[in-house]
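Enquirer: Please find the sequence and the predicted model below.
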Amino acid sequence: MDWSKSTESKTSIEVPPIKNEELCEMLQEISSEKSEAVLMRILEPFASQISKGNATRPLPLLFNIHDKNYENKSLEELISVGKSLEIHVTQEMKTEIERRTQ
């Protein structure tokens with residue numbers, strides 16, 4: 001048996017790159033379904049619309065825990081600090097964060 005040859009016949013097709021108009025049309029359809037694609041966060045006009053929407057309804061600020069003293073701590077020390085923090089998250093906050101970060 002010649003291992004350098006495959007018994008399967010493989011064919012490939014060339015797929016042309018998506019045109020900007022087609023991409024915008026696809027993203028517009030996604031937007032009309034009240035959904036978001038990651039790509040929408042960097043392409044106009046979608047990025048501005050998402051940015052405006054987030055500015056009017058920001059995510060709950062849960063993790064404002066930065067402290068200059070933490071910058072030189074080891075991982076074990078940071079884990080210990082994290083375990084000692086009390087962060088209260090309501091079900092409504094969890095739902096909103098999940099909805100907006102999917």
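Expert: Yep, it's here. Numbering: from 1, shown residues only.
Enquirer: Could you use CA atoms for every contact and neighbour count after this?
Expert: Noted.
Enquirer: Number of residues surrounding L27?
Expert: Number of residues near L27 (other C-alpha atoms under 10 Å) recorded here: 19.
Enquirer: Identify the residues contacting it.
Expert: Contact partners of L27, counting by C-alpha atoms under 8 Å, 6 or more residues apart in numbering, are A37, M40.
Enquirer: Tell me how this structure divides into domains.
Expert: According to automatic domain parsing, the chain comprises the domains 18-58, 59-102.
Enquirer: For T11, find the nearest of these.
Expert: Between T11 and the domains of the chain, the shortest separation by C-alpha to C-alpha is 21.6 Å, and it involves domain 18-58.
Enquirer: can you tell me the average pLDDT over that closest one?
Expert: The average pLDDT within domain 18-58 is 72.
Enquirer: which helix is the longest one in the protein?
Expert: Looking across the chain with DSSP state H, the single longest helix is helix 20-32.
Enquirer: and it, C-alpha only, in PDB?
Expert: Taking Å, rounded to 0.1, in the frame of the first residue of the first chain, the C-alpha atoms of helix 20-32 are listed here in PDB:
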ATOM      1  CA  ASN A  20     -19.000  44.600   2.500                       C
ATOM      2  CA  GLU A  21     -22.500  45.100   1.200                       C
ATOM      3  CA  GLU A  22     -23.300  41.400   2.000                       C
ATOM      4  CA  LEU A  23     -21.800  41.600   5.400                       C
ATOM      5  CA  CYS A  24     -23.700  44.800   6.300                       C
ATOM      6  CA  GLU A  25     -26.900  43.100   5.000                       C
ATOM      7  CA  MET A  26     -26.300  40.000   7.200                       C
ATOM      8  CA  LEU A  27     -25.500  42.100  10.300                       C
ATOM      9  CA  GLN A  28     -28.700  44.200   9.600                       C
ATOM     10  CA  GLU A  29     -30.700  41.100   9.600                       C
ATOM     11  CA  ILE A  30     -29.100  40.000  12.900                       C
ATOM     12  CA  SER A  31     -29.800  43.400  14.400                       C
ATOM     13  CA  SER A  32     -33.500  43.300  13.300                       C
END
